[in-house]
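Asker: Predicted model and sequence follow; I will ask about them next.
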Amino acid sequence: MNSDRHGSKNRGAWTGHRSFAQTQLLNRMVTWGLMVFLAVVFAGCSTKEERAAKHLERANRYYESDKLEEAEIEYKNVLRFVPTNGVAISRLGIIYHAQGKLLPAIALLVKAKEIRPDDLEARNKLAWSLQGGNRVKEAREEVLLILGKQPGHEEALILLGETVQSSNDLAEVKGHLERLRPQAENQAGYQLAWSSLYYRQGQVAEAEAALRKALLLDPKSSAVHATLGNFYLAQDNLAEADRFLKAAADLAPPRSGRRLRYAEFKIRHNDPAGGKEMLIQMTEETPDYLPAWSRLAELA
């Protein structure tokens, strides 16, 4: 019995030792397994971020070179790896705005302002996209935010004048322009905004004077020439309208409503064949610019 008792004790001690050893081994295995898992996860995250960074670098080069189709592909690649990348979202929205794709532009630029609220370029394009989508009140809100940060922002000043749809709007915008006068009076966009308000009130001479002042302030502004062209077209002065609309088109970027506007003027007034040729040239130079294709299809 003593022998059995001692044997039982020895077996118990050995069993306990073995159980302890197994526990230690299991703990080591779990620890190593966890370390391997975390290493794989972090390596995956690092790889995603590295790939996104490479695509972003290429996208930015294309964007700065105005190769928007290539930039669009690369920014989409960035978002495949990092869906919340603010630069990619913002610039993809700006690209869609330039291509005339208003709905996807608005969706992305709204998201961009949540991630990068101080990106004034994106917010300006959002404002113009909202205006183009007839969401005028929202467009004005964006414009006023931009002007609160940068009172001389030309495109925002121009758009502010174009958001007037009622007498209440007119009074509100007048008030904003008066408050901006000390900081923005010598900006061409400020004078364009006033010309728009004058014209809405039937003050044609004052509107023309503001436009001429804008031209003196910035003789190379496509926006100034375009507004003068539209002003003279409304006065049935086709010669002056042609002169200024052509200048606006020549000064405008490749994807531009101002180039489209001059083509439309030619089609409607003095040179239909020349206007159509302009549209064809636009589709060849910037095949991603949808408004030119749409207008060309209407003429087919």
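Answerer: Cool, got the structure.
Asker: Alpha carbons of stretch 277-290, as PDB, please.
Answerer: Extracted C-alpha coordinates of stretch 277-290, given in PDB (Å, rounded to 0.1, in the frame of the first residue of the first chain):
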ATOM      1  CA  GLU A 277     -15.600  72.400 -86.400                       C
ATOM      2  CA  MET A 278     -14.800  73.900 -83.000                       C
ATOM      3  CA  LEU A 279     -16.800  71.200 -81.300                       C
ATOM      4  CA  ILE A 280     -15.000  68.500 -83.200                       C
ATOM      5  CA  GLN A 281     -11.700  70.000 -82.300                       C
ATOM      6  CA  MET A 282     -12.700  70.000 -78.600                       C
ATOM      7  CA  THR A 283     -13.700  66.400 -78.700                       C
ATOM      8  CA  GLU A 284     -10.300  65.500 -80.300                       C
ATOM      9  CA  GLU A 285      -8.300  67.600 -77.800                       C
ATOM     10  CA  THR A 286     -10.300  66.600 -74.700                       C
ATOM     11  CA  PRO A 287     -12.200  63.400 -75.500                       C
ATOM     12  CA  ASP A 288     -13.400  63.200 -71.800                       C
ATOM     13  CA  TYR A 289     -15.300  66.500 -72.000                       C
ATOM     14  CA  LEU A 290     -18.900  65.300 -72.200                       C
END
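Asker: what about the residue lying closest to residue 76 once chain neighbours are set aside, how many neighbours?
Answerer: Residue nearest to residue 76 in three dimensions, not counting chain neighbours: residue 92, with 7.0 Å by C-beta to C-beta, 6 or more residues apart in numbering. (Each C-beta comes from the backbone N, C-alpha and C, glycine too.) If you count neighbours by other C-beta atoms under 10 Å, residue 92 ends up with 27.
Asker: Could you check how far the helix or strand containing residue 92 is from the centre of its chain?
Answerer: Assessed by DSSP states H and E, residue 92 sits inside helix 86-98. Its chain's average C-alpha position is 4 Å from that of helix 86-98, according to C-alpha atoms, centre = their mean, to the nearest Å.
Asker: do stretch 133-146 as well
Answerer: Put simply, stretch 133-146 sits 14 Å off its chain's centre (C-alpha atoms, centre = their mean).
Asker: which other residues reach it?
Answerer: Stretch 133-146 is contacted by residues 102-103, 106, 120, 123-124, 126-128, 130-131, 153, 156, 159-160, 163, 165, 169, 173, 176 when judged by C-beta atoms under 8 Å, 6 or more residues apart in numbering.
Asker: now stretch 236-251
Answerer: Identification of contacts with stretch 236-251 by C-beta under 8 Å, 6+ apart yields 220-223, 225-226, 228-230, 232-233, 256, 258-259, 261-263, 265, 269-270.
Asker: Could you report the neighbour count for residue 158?
Answerer: Neighbourhood size, residue 158 [other C-beta under 10 Å]: 26.
Asker: doesn't residue 224 make contact with it?
Answerer: No. Contact criterion C-beta atoms under 8 Å: residue 158 and residue 224 do not qualify, at 9.3 Å.
Asker: Mutual contacts of the two, please.
Answerer: Each of residue 192 lies in contact with both residue 158 and residue 224 under the rule C-beta under 8 Å, 6+ apart.
Asker: Of the contacts of stretch 236-251, which belong to helices?
Answerer: Taking DSSP state H as the definition of helices, those contribute 222-223, 225-226, 228-230, 232-233, 258-259, 261-263, 265.
Asker: Kindly indicate which of those lies nearest residue 113.
Answerer: Residue 113 lies nearest to residue 223 out of those, by C-beta to C-beta, at 23.4 Å.
Asker: now the closest one: how far from residue 131?
Answerer: Noted for residue 223: a distance of 14 Å to residue 131, by C-beta to C-beta, to the nearest Å.
Asker: How about residue 98?
Answerer: Taken as C-beta to C-beta, the span from residue 98 to residue 131 is 15 Å.
Asker: can you check residue 238 too?
Answerer: Residue 238 sits 27 Å away from residue 131, going by C-beta to C-beta.
Asker: ok and the strand or helix carrying residue 80 relative to helix 86-98, angle-wise?
Answerer: Element membership of residue 80, judged by DSSP H and E, is helix 68-81. Using axes from the mean of the first three to the mean of the last three C-alpha atoms, to 10 degrees, the inter-axis angle of helix 68-81 relative to helix 86-98 is 140 degrees.
Asker: Just the buried residues of helix 68-81, please?
Answerer: 68, 71, 72, 74, 75, 77, 78, 79, 81 (16 or more other C-beta atoms under 10 Å).
Asker: contacting residues around the fifth one?
Answerer: Looking back up the chat, that one is residue 75. Contacts of residue 75 were listed using C-beta under 8 Å, 6+ apart, and they are 55, 56, 59, 63, 88, 91, 92, 95.
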